[in-house]
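Peer 1: Based on what follows, work out the 3D shape:
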Amino acid sequence: MKDSAPCSKASETLEGTIKSVVFHNEENGYTVLRVELPAKGHYMVSKPGEAMVVGKARAVWEGEEVRAKGNWVTDKEYGRQFKAEEIECVAPKSLVGIERYLASGLIKGVGKVLAKRIVKTFGEDTLNVLNRQSARLCEVPKLGRAKIEQIREAWHKNETQRESLIFGQTYGISISRMTKIMKMYGPDAIAIVKANPYRLCRDIWGIGFLTADKIALSTGIEKDSPLRARAAISHTLQTEADDAGHCWTFENDLILHAHELTSIPLDVLGEALNAEIEANAVVAEGKDLPRKIYLKHLWWAEKRVADRVRAIMRHQASFPAIREERAIEWWEAKAGFGLASKQAEALRRCLGAKFSIITGGPGVGKTTIIRALADIYSARKLSVTLAAPTGRAAKRMSEAVGMPALTIHRLLKFNPVKNAFTYDADNRLEGDVFIFDETSMIDIHLAADLLAALPDHATVIWVGDTDQLPSVGPGSVLGDLIASSVVPCTKLDQIFRQANTGLIVINAHHVNAGEPLELRRDENADFYFAQVRDPALCLQRAIEFMKERIPRKFGLDPLQDVQVLVPMRRNLLGADNLNFELQKALNPTGPAVERGAVLFRTGDRVMQLRNNYDKDVFNGDIGFVKAVDPATRSLIVLFDGRAVRYDAADLDELVLAYAMTIHKSQGSEYPAVIVILHTQHYMMLQRNLLYTAITRGKRLVLLIGVNYAIDKAIETNTVRERRTSLSDRIAGLL
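Peer 2: Predicted structure coming up:
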């Protein structure tokens, strides 16, 4: 709403009863209330006895009495209203207010008729009866035992919930996140959080150290307390894992970073680190100083991966050895063409090893080797399983090989009751041969779970491109397996598909080699560059290409087939702003569900931000909004044709996905991609970033930006190494 200047600079107070809640944003508390004013009040209002109050409030219900401080303003569209700086709501005292309060939806199963009977029975003492003497509900005429119990349970649950929501918003925790906290901790949520607010960082997705620390300090926890120091140690290690992909951190760096975060004295942090080690929350490794410090779960994941790789390689296969040369000849005859020498070498090595790796860029024949392996093993009547980290990668693998392929998460089958995968070290998968594609995306945790679930007798093949961006999660598993020199690896480097895929594949290899892009003036080209220096014009051109020019020239659907990729989320040319502008251009109208500044509408392309095993939806999955319900702030999203419901508390797991970061596009392939590279992205420009972006396009890649940014990305190959010890563990050096 656009407000004019306040009528008076002095703050005023408005009191009344909430007649209706016109709008309430659970994420940020923004609220519009229709307030019934007392007859004795003298307010200049558009409608006698009634005012519109706009401001931020916690949980609000019809019938509550409201006291607001602020000023009157005149809105051009909505007229005169009270713009509140503070809104305080309390339980109503009048009979009409109490009746409206009970019938507002506060208590499930109590409507206007029943609310009137309850208030008629107890009068002004109604709320006291519900709070302290609920057994007296039997005095209400025609109210059975089952209904009484339902009302009692709902009332007390609501009071606990309301108290928790107010507590959460006091400390900047949105209602949706506080709902998750209450679901996690139950009716004792406030007591649990007050006792150790730092649990929130570990237990609740989306709540970080700063929020937990704010609660802790405000509830009386000392700045230099051991509890805060230990939380700072764990948080710093987790940040290193999340932001930099490290599995461990040097002891001195860890303590210095924790000190920078909290200003806790170094000696106190040193004692906290020792306490965390004694509690088995972190692991210190190494005899020399400084020691390597791991979070326990990361240390354990590294150890499990190394142990399982060695165990699989030591174990004999349960089927007779395959005659490699005869198998290659058989497959070449079946396929109708011969393999290149490097391809034959890769196939030979895989057929003769229990665990092997195939790596290389686009167009070098990795998929051909997967297809050959699947055919050869299947001809021997062996069970072959294909899987990849993402749904799109699994679908692409299935189409290329002609066999079903699963995501790794669905292969392992998560059990929400156990909060763990169904298939694990105690209940292993059945099968003889397991081939995994896009393995550069597999982080140390998923690798540990995956390898634990594979039978000892299995033959395992990992296929991936080590020159792409590393996994989003911690570790560098594919690279470490290769670096160990224990697992046989073949790198394919001869391009086979120039004639079919043109400049996309050629330029991917140019970038990977640090060479300039190759461009052609060709109507049928699959790779284009549009030089646009002005960032605002760059944004406009991206919208124009996605909405009009690409669909017109290539016959592609802008919502289904065209994906915008950028290096980062923030700034004018970041994914967040691009999504806002692209939604306005492609899907501007219709009912919407709001979360913060984001509107979700039917038809929107959205992306899941975290693994949600209850919904069977995983980080990076792309879906389309099928239906919205503004009244309940819920959505129905289709993921590969499967409908998934998102309630208000789940909306923080979704973002619009007309545009996304290049990191988030890993493992996916799109008919067309628009890649924006500009000097605004200077800090993110890296060779593997541009390489990954180009290899996401199947039929078309369009680069928009400036030559300097592209040259900078190609030249910058100082990839930050991740701190892991997996290769040494596999090699038996640790």
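Peer 1: What strand or helix carries Ala68?
Peer 2: Assessed by DSSP states H and E, Ala68 sits inside strand 65-75.
Peer 1: Equivalent analysis for Arg100, please.
Peer 2: Arg100 is part of helix 95-101 when elements are defined by DSSP H and E.
Peer 1: for that helix, which positions count as buried?
Peer 2: Judged by neighbour count (16 or more other C-beta atoms under 10 Å), helix 95-101 contains these buried residues: 97-101. Bear in mind the C-beta positions are built from the backbone N, C-alpha and C, glycine included.
Peer 1: What of stretch 73-89?
Peer 2: 73, 80-84, 87, 89.
Peer 1: repeat for stretch 644-660
Peer 2: Those would be 644, 646, 648-660, for stretch 644-660 by 16+ other C-beta under 10 Å.
Peer 1: how far does it stretch from start to finish?
Peer 2: In stretch 644-660, first residue to last residue: 21 Å (C-alpha to C-alpha, to the nearest Å).
Peer 1: Helices of the stretch 251-400 of the chain, start to end?
Peer 2: Here the stretch 251-400 of the chain has its helices, by DSSP state H, counting those that start in this stretch, at 251-262, 266-278, 296-314, 324-335, 341-351, 366-379, 391-401.
Peer 1: can you redo those helices as a markdown table with mean neighbour count?
Peer 2: Formatted as a markdown table, the helices of the stretch 251-400 of the chain follow (neighbours: other C-beta atoms under 10 Å):
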| stretch | mean neighbour count |
| --- | --- |
| helix 251-262 | 18 |
| helix 266-278 | 17 |
| helix 296-314 | 20 |
| helix 324-335 | 14 |
| helix 341-351 | 20 |
| helix 366-379 | 21 |
| helix 391-401 | 20 |
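Peer 1: Now these in CSV, please, with extra columns for distance to His24 and mean pLDDT.
Peer 2: Formatted as CSV, these follow (distance: least, C-beta to C-beta, whole Å; pLDDT from 0 to 100):
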stretch, distance to His24, mean pLDDT
helix 251-262, 35, 96
helix 266-278, 42, 96
helix 296-314, 39, 96
helix 324-335, 63, 93
helix 341-351, 59, 93
helix 366-379, 52, 95
helix 391-401, 35, 90
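Peer 1: among the ones you listed, which is nearest Asp711?
Peer 2: For the helices of the stretch 251-400 of the chain, proximity to Asp711 was assessed by C-beta to C-beta; helix 366-379 is nearest, at 28.9 Å.
Peer 1: now the angle between helix 324-335 and that closest one, please.
Peer 2: Using axes from the mean of the first three to the mean of the last three C-alpha atoms, to 10 degrees, the direction of helix 366-379 lies 100 degrees away from that of helix 324-335.
Peer 1: just the angle between helix 366-379 and helix 391-401, please?
Peer 2: With the same axes, to 10 degrees as the basis, helix 366-379 and helix 391-401 are set at 70 degrees to each other.
Peer 1: ok, which stretches of the stretch 601-734 of the chain are helices?
Peer 2: Ranges of helices in the stretch 601-734 of the chain, per DSSP H, counting those that start in this stretch, are 687-694, 707-715, 726-730.
Peer 1: Quick check: which of the ones you listed is buried the most?
Peer 2: Ranked by mean neighbour count, the helices of the stretch 601-734 of the chain are led by helix 687-694 with a mean of 25 (mean count of other C-beta atoms under 10 Å).
Peer 1: From the contact counts, what lies against that helix?
Peer 2: Contact analysis of helix 687-694 by 3 or more C-beta pairs under 8 Å, 6 or more residues apart in numbering; DSSP states H and E lists helix 503-512, strand 670-677, helix 707-715 as its packing neighbours.
Peer 1: Next secondary structure after the helix holding Arg100?
Peer 2: Following helix 95-101 in sequence order, the next helix or strand is helix 112-122 (DSSP H and E).
Peer 1: for that next one, the distance to its chain's centre please.
Peer 2: 46 Å (C-alpha atoms, centre = their mean, to the nearest Å).
Peer 1: For that helix, list the C-alpha coordinates in PDB.
Peer 2: Taking C-alpha atoms only, helix 112-122 is exported to PDB below (Å, rounded to 0.1, in the frame of the first residue of the first chain):
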ATOM      1  CA  LYS A 112     -20.800 -19.300  15.900                       C
ATOM      2  CA  VAL A 113     -23.700 -21.300  17.400                       C
ATOM      3  CA  LEU A 114     -21.600 -23.300  19.900                       C
ATOM      4  CA  ALA A 115     -19.600 -20.200  20.800                       C
ATOM      5  CA  LYS A 116     -22.900 -18.400  21.700                       C
ATOM      6  CA  ARG A 117     -24.000 -21.300  23.900                       C
ATOM      7  CA  ILE A 118     -20.700 -21.400  25.800                       C
ATOM      8  CA  VAL A 119     -20.600 -17.600  26.400                       C
ATOM      9  CA  LYS A 120     -24.300 -17.700  27.400                       C
ATOM     10  CA  THR A 121     -23.400 -20.300  30.000                       C
ATOM     11  CA  PHE A 122     -20.300 -18.700  31.600                       C
END
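Peer 1: how about that helix: buried residues?
Peer 2: 114-115, 118-119, 121-122.
Peer 1: Kindly report the same for stretch 670-687.
Peer 2: Buried residues in stretch 670-687, counted by 16+ other C-beta under 10 Å: 670-678, 680-681, 684-687.
Peer 1: Quick check: mean pLDDT of that stretch?
Peer 2: When pLDDT is averaged along stretch 670-687, the result is 91.
Peer 1: can I assume Val22 is in contact with Tyr30?
Peer 2: No: in this structure Val22 lies outside contact range of Tyr30 using C-beta atoms under 8 Å: 11.2 Å.
Peer 1: So for the chain, which residue is the most central one in space?
Peer 2: By C-alpha atoms, centre = their mean, the chain has its centre lying nearest to Leu609, at 1.5 Å.
Peer 1: wait, it sits on Leu656?
Peer 2: No: judged on C-beta under 8 Å, Leu609 makes no contact with Leu656 at a distance of 11.4 Å.
Peer 1: quick one: contacts for the residue nearest to the centre of the chain?
Peer 2: Listed by C-beta atoms under 8 Å, 6 or more residues apart in numbering, the contact partners of Leu609 are 619, 652-655.
Peer 1: just Gly352 next, same as before
Peer 2: 321-322, 324.
Peer 1: how close does it get to Thr367?
Peer 2: Separation of Gly352 from Thr367 (C-beta to C-beta, to the nearest Å) stands at 21 Å.
Peer 1: try Ala648
Peer 2: Using C-beta to C-beta, Ala648 is found at 43 Å from Thr367.
Peer 1: Could you figure out how far the helix ranked longest in the chain is turned away from helix 112-122?
Peer 2: Looking across the chain with DSSP state H, the single longest helix is helix 145-170. Between helix 145-170 and helix 112-122, the angle comes out at 90 degrees (the same axes, to 10 degrees).
Peer 1: And helix 145-170, what's buried?
Peer 2: 148, 151, 154-155, 158, 160-161, 164-165, 167-169.
Peer 1: What would the strand holding Ala68 look like as PDB? C-alpha coordinates only.
Peer 2: Taking C-alpha atoms only, strand 65-75 is exported to PDB below (Å, rounded to 0.1, in the frame of the first residue of the first chain):
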ATOM      1  CA  GLU A  65      -9.000  -6.500  21.900                       C
ATOM      2  CA  VAL A  66      -6.300  -4.500  20.200                       C
ATOM      3  CA  ARG A  67      -4.200  -1.500  21.200                       C
ATOM      4  CA  ALA A  68      -2.200   0.100  18.500                       C
ATOM      5  CA  LYS A  69       0.300   3.000  18.500                       C
ATOM      6  CA  GLY A  70       1.000   4.900  15.300                       C
ATOM      7  CA  ASN A  71      -0.500   7.600  13.000                       C
ATOM      8  CA  TRP A  72      -3.400   8.100  10.600                       C
ATOM      9  CA  VAL A  73      -2.600   8.100   6.900                       C
ATOM     10  CA  THR A  74      -4.700   8.400   3.800                       C
ATOM     11  CA  ASP A  75      -4.000   5.800   1.200                       C
END
